[in-house]
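Student: I need the structure of the sequence given here:
(one chain, ligands or ions: 1)
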Amino acid sequence: MKVFHISAECYPVAKTGGLGDVVGALPKFQRETGIEASVVMPWYDKPFVRDHSFTSVHSGNISQGMQTHSFEILKNVNSLGFDLYLVQIPGLLDRAEVYGYKDESDQFIAFQHALLRWMVEAEIKPSIIHCHDHHSGLIPFFVDYCKEFSTLKGIPTVFTVHNGEYQGWMPWHKALLMPEFNSDAWGLLDWNNMINPLAAAIKCCWAYTTVSEGYLEELYTQPQLGPLFLAEKDKAFGIVNGIDSAVWNPEQDPSIDFNYSLITVTRGKKENKDALCKEYNLDKNLPLIAFIGRFAGEKGADLLPGVIQQIIENAKGKVSLFVLGSGDPLVEEGLEKLNRDLQQQFALVIGYNEALAHRIYASADFILMPSRVEPCGLNQLYAMRFGTIPIVRATGGLKDTVSDITSGNGNGFLFVNPSIEDCVKAVERALDFYQNSPLKNKLCKSNMKLDYSWKKSSQKYSKVYDLLIDKL
Ligand code: ADP
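Tutor: Numbers count the residues shown, from 1 in each chain. Reported below is the predicted structural model:
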């Protein structure tokens, strides 16, 4: 079975969050089960692309309105454990960042157009086209309703919702940039008088999946597309993400200061914490709570300044916090102010730093995730793999993977309301728990043993593929 994953991100080529992690890992595990999985993504001016060799396997042209763009498909076979294809389009897909450009819609329309043209011209017929998030959401529609791609019609399309908040909305005049489609089908692109690639994907794909079962339930009541997710419920599957335990492995992680195993975790975490605290001027003898992620409403990042201030006040300074992330300028400002006032207790790094994230997972006692929306959440899984205890809001994938310590064999601390008060209460329960070292060390170890490998989840994807192929 030949599967093409289509995505804007793939670790370690380009990653801004969980999408990159999943697309960088799932194909590797699928290959182990005999699926010939490959990834197709845009070309970015990134270190990985500059440092690895690629072969040009195809070139062609696409038109966008009055403009013609030339494109090239570059292939790398040996670096990632699966074949990687990059779509390069001078002037559109030749930039340093993954997102954030004014002409983002034009970029992703061209990406999808060019890769389908390549498949048609090179007569490539995968068994499944697996699209990820709205950046590849137009593909199921294009395959069904563009004459240009008629030879691909009938190939089953799977669409995975990694984050349903971002939908790729664009005004209707952007339709002029798309490959010519059957105009009777225009309604499939539309949601509230805009082109909505996520909605189009849900309407047109053969099956859609979400990155946890809990998140699938939440999508049914999502204010914007809830009715659509519900109407297409019969083709929906919730499959929780796995983690790449080769990349996230405290025994061999090259980014952390001291490697450790299940047996040496207590000492190993202490040594990592000592080194990190020394570097960031924190007291190594205090419990360390960390947040890593985007400063966005979804992540509850706006609660952080209030939560941090209150935790430090209530604990009378007997706690340290570390925040790594960037995003909402108001949150950045609030945290920077707090950082100036509380330098001994609070370390802040604004930005994206993969290696530092690994060091924090290895050093922290607790990872804090006050998310309002969390489709799966990978931070809590990485944290547990590193023996770090999660304190999370009970939502989406967090609810599916973390159960409260009070529930018998719980693995972390849960709170229900996305409020400063509830979050602080959960942190205080965790800080009390921290005082009981034997119990805390036992939990670190049992969390490290939990199985969040891709094995089970990739089997579930295989079942979805089989189901669709059986329909042919
Ligand atoms: P998202 O909604 O952002 O995709 P996930 O929990 O699914 O959230 O995935 C987050 C991934 O991004 C994790 O691998 C996490 O370690 C990483 N990450 C997030 N922010 C940063 C940052 N500022 N620096 C380094 N890694 C980060």
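Student: three-state assignment of the nearest residue to I256 once chain neighbours are set aside?
Tutor: Nearest non-adjacent residue to I256, counting by C-beta to C-beta, 6 or more residues apart in numbering: A362, 4.2 Å away. Just so you know, the C-beta spots here come from the backbone N, C-alpha and C atoms, and that holds for glycine as well. Classification of A362 by DSSP: H, G, I helix; E, B strand; the rest coil places it in helix.
Student: Return the residues in contact with L93.
Tutor: 42-44, 71, 87, 107, 110-111, 114 (C-beta atoms under 8 Å, 6 or more residues apart in numbering).
Student: cool, R359 as well?
Tutor: Taking C-beta under 8 Å, 6+ apart as the test, what R359 contacts is 255-257, 272, 275-276.
Student: Is the one helix or strand it maps to positioned near the ligand?
Tutor: Element membership of R359, judged by DSSP states H and E, is helix 354-363. Yes. Contact of helix 354-363 with the ligand (C-beta under 6 Å from any ligand atom) involves 354, 357.
Student: By neighbour count, which bits of that helix are buried? Give me those.
Tutor: Buried residues in helix 354-363, defined by neighbour count with 16 or more other C-beta atoms under 10 Å: 356-363.
Student: Closest to the ligand out of these?
Tutor: The closest of the buried residues of helix 354-363 to the ligand turns out to be A357 (C-beta to the nearest ligand atom; 3.7 Å).
Student: ok, now how distant is F229 from the ligand?
Tutor: With distances taken as C-beta to the nearest ligand atom, to the nearest Å, F229 is found 18 Å from the ligand.
Student: Angles on the backbone of that residue, please.
Tutor: phi -60, psi -40 (degrees, to the nearest 10).
Student: show me the contacts for it.
Tutor: 164, 202, 216, 219-220, 222, 236.
Student: Kindly recompute the last result at 7 Å.
Tutor: 202, 219-220, 222 (C-beta atoms under 7 Å, 6 or more residues apart in numbering).
Student: List only buried entries from these.
Tutor: 202, 219, 222.
Student: is it true that Y44 touches A14?
Tutor: Yes. Counting by C-beta atoms under 7 Å, Y44 does reach A14; the two are 4.9 Å apart.
Student: what is in contact with these two at once?
Tutor: Common contacts of Y44 and A14 (C-beta under 7 Å, 6+ apart): V98.
Student: Look at these two and report which has more neighbours.
Tutor: Neighbours were counted for Y44 and for A14 using other C-beta atoms under 10 Å; A14 has more, 27 against 21.
Student: what's around the nearest residue to F71 once chain neighbours are set aside, how many residues?
Tutor: The shortest distance from F71 to any non-neighbouring residue, by C-beta to C-beta, 6+ apart, is to A114 (4.0 Å). By other C-beta under 10 Å, the residues close to A114 number 28.
Student: From what I see, A114 and N61 are in contact.
Tutor: No. Using C-beta under 7 Å, A114 is not in contact with N61, being 9.0 Å away.
Student: quick one: K284 is in a strand?
Tutor: No. Using three-state DSSP, the assignment for K284 is coil, not a strand.
Student: so who does it touch?
Tutor: Going by C-beta under 7 Å, 6+ apart, K284 touches 273-274, 277-278.
Student: what ranges do the strands span in the stretch 151-300 of the chain?
Tutor: Assigned by DSSP state E, counting those that start in this stretch, the strands in the stretch 151-300 of the chain fall at 157-161, 190-191, 194-195, 207-210, 236-238, 288-295.
Student: hmm, back to that, show me the contacts of L93 that map onto helices.
Tutor: Using DSSP state H, the subset of the contacts of L93 located in helices is 107, 110-111, 114.
Student: out of those residues, which is most surrounded?
Tutor: A114 (28 neighbours).
Student: List, one by one, the residues from the protein near the ligand.
Tutor: 17-19, 21, 163, 292-294, 324-325, 352-354, 357, 376-379.
Student: ok, how many other residues are close to D302?
Tutor: Neighbour tally, D302, other C-beta under 10 Å: 20.
Student: hang on, it packs against P329?
Tutor: No. D302 is beyond contact range of P329, at 11.6 Å (criterion: C-beta under 7 Å).
Student: tell me the contacts of E180?
Tutor: So E180 contacts 146-148 (C-beta under 7 Å, 6+ apart).
Student: re earlier: per-residue confidence for the residue nearest to F71?
Tutor: With respect to pLDDT, A114 scores 98.
Student: what residues are up against it?
Tutor: 62, 71, 87, 89.
Student: In CSV, list the contacts of F229 along with pLDDT.
Tutor: Putting the contacts of F229 into CSV (pLDDT from 0 to 100) gives the following:
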residue, pLDDT
I202, 98
L219, 98
Y220, 98
Q222, 95
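Student: And those residues, which is closest to L443?
Tutor: Nearest to L443 among the contacts of F229 is L219, at 31.6 Å by C-beta to C-beta.
Student: Distance check, the closest one against the ligand.
Tutor: Taken as C-beta to the nearest ligand atom, the span from L219 to the ligand is 15 Å.
Student: Isn't that residue up against G164?
Tutor: Yes. Using C-beta under 7 Å, L219 is in contact with G164, at 5.5 Å.
Student: Format the CA atom coordinates belonging to whichever helix or strand E428 is part of as PDB.
Tutor: Following DSSP H and E, the helix or strand that holds E428 is helix 420-434. Output of helix 420-434 as PDB, limited to C-alpha atoms (Å, rounded to 0.1, in the frame of the first residue of the first chain):
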ATOM      1  CA  ILE A 420      -6.500  31.400  37.200                       C
ATOM      2  CA  GLU A 421      -8.200  30.100  40.400                       C
ATOM      3  CA  ASP A 422      -8.700  26.500  39.300                       C
ATOM      4  CA  CYS A 423      -5.300  26.300  37.700                       C
ATOM      5  CA  VAL A 424      -3.600  27.600  40.800                       C
ATOM      6  CA  LYS A 425      -5.500  25.100  43.000                       C
ATOM      7  CA  ALA A 426      -4.300  22.200  40.800                       C
ATOM      8  CA  VAL A 427      -0.700  23.500  41.000                       C
ATOM      9  CA  GLU A 428      -1.000  23.700  44.800                       C
ATOM     10  CA  ARG A 429      -2.200  20.100  44.900                       C
ATOM     11  CA  ALA A 430       0.900  19.200  42.800                       C
ATOM     12  CA  LEU A 431       3.200  21.100  45.100                       C
ATOM     13  CA  ASP A 432       1.800  19.300  48.100                       C
ATOM     14  CA  PHE A 433       2.400  16.000  46.300                       C
ATOM     15  CA  TYR A 434       6.000  17.000  45.500                       C
END
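Student: How far off centre is it?
Tutor: 27 Å (C-alpha atoms, centre = their mean, to the nearest Å).
Student: Nice, that's everything, thank you.
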